[in-house]
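**Student:** Sequence and predicted structure below; questions after.
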Amino acid sequence: MYQDPSDSPVHSPSPEHTTTTVERGSFCLARCSCGWSGAARRSRDRARTDAQEHLGAPEERG
Ligand SMILES: [Zn+2]
């Protein structure tokens, strides 16, 4: 388990879901401590939106 202090995680309502943004070349994608990862985006802001949706979405059977 590790956290990048330089990258502020999205404010998560649940401690079980800690989202961060990961840069992949010229793309950026969201990642969660639960193992979820968003699609590659061209902007970090988009990746954050993915993370927000993940946190806001009901955790049904994945
Ligand atoms: Zn999660």
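**Tutor:** Cool, the structure landed.

**Student:** Now residue 34: closest residue in space that isn't a chain neighbour?
**Tutor:** residue 17 (5.5 Å; C-beta to C-beta, 6 or more residues apart in numbering). To be clear about C-beta, it is placed using only N, CA and C from the backbone, and glycine gets the same treatment.

**Student:** For residue 17, which three-state class applies?
**Tutor:** In three-state terms, and counting by DSSP: H, G, I helix; E, B strand; the rest coil, residue 17 is coil.

**Student:** and it, what does it touch?
**Tutor:** 32-34, 36, 54-55 (C-beta atoms under 8 Å, 6 or more residues apart in numbering).

**Student:** How about residue 33?
**Tutor:** 1, 16-19.

**Student:** Selection in PyMOL covering whichever of the contacts of residue 17 are buried, please.
**Tutor:** The buried residues among the contacts of residue 17 can be selected in PyMOL (16 or more other C-beta atoms under 10 Å) with this line:
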select buried, resi 32+36+54+55
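
**Student:** isn't residue 41 right next to residue 25, touching?
**Tutor:** No - Residue 41 lies out of contact with residue 25 (C-beta atoms under 8 Å); the separation is 11.9 Å.

**Student:** between the two, which one's more packed in?
**Tutor:** residue 41 (18 against 6; other C-beta atoms under 10 Å).

**Student:** burial of the residue lying closest to the more buried one once chain neighbours are set aside, as a residue count?
**Tutor:** Ranked by C-beta to C-beta, 6+ apart and with sequence neighbours excluded, the top spatial neighbour of residue 41 is residue 47, at 4.6 Å. Counted by other C-beta under 10 Å, the residues lying close to residue 47 total 27.

**Student:** and residue 47, what helix or strand is that in?
**Tutor:** Per DSSP states H and E: residue 47 is located in helix 44-56.

**Student:** That helix - contacts with which helices or strands?
**Tutor:** strand 19-24, strand 27-32 (3 or more C-beta pairs under 8 Å, 6 or more residues apart in numbering; DSSP states H and E).

**Student:** how about that helix: buried residues?
**Tutor:** 44, 46-48, 50-51, 54-55.
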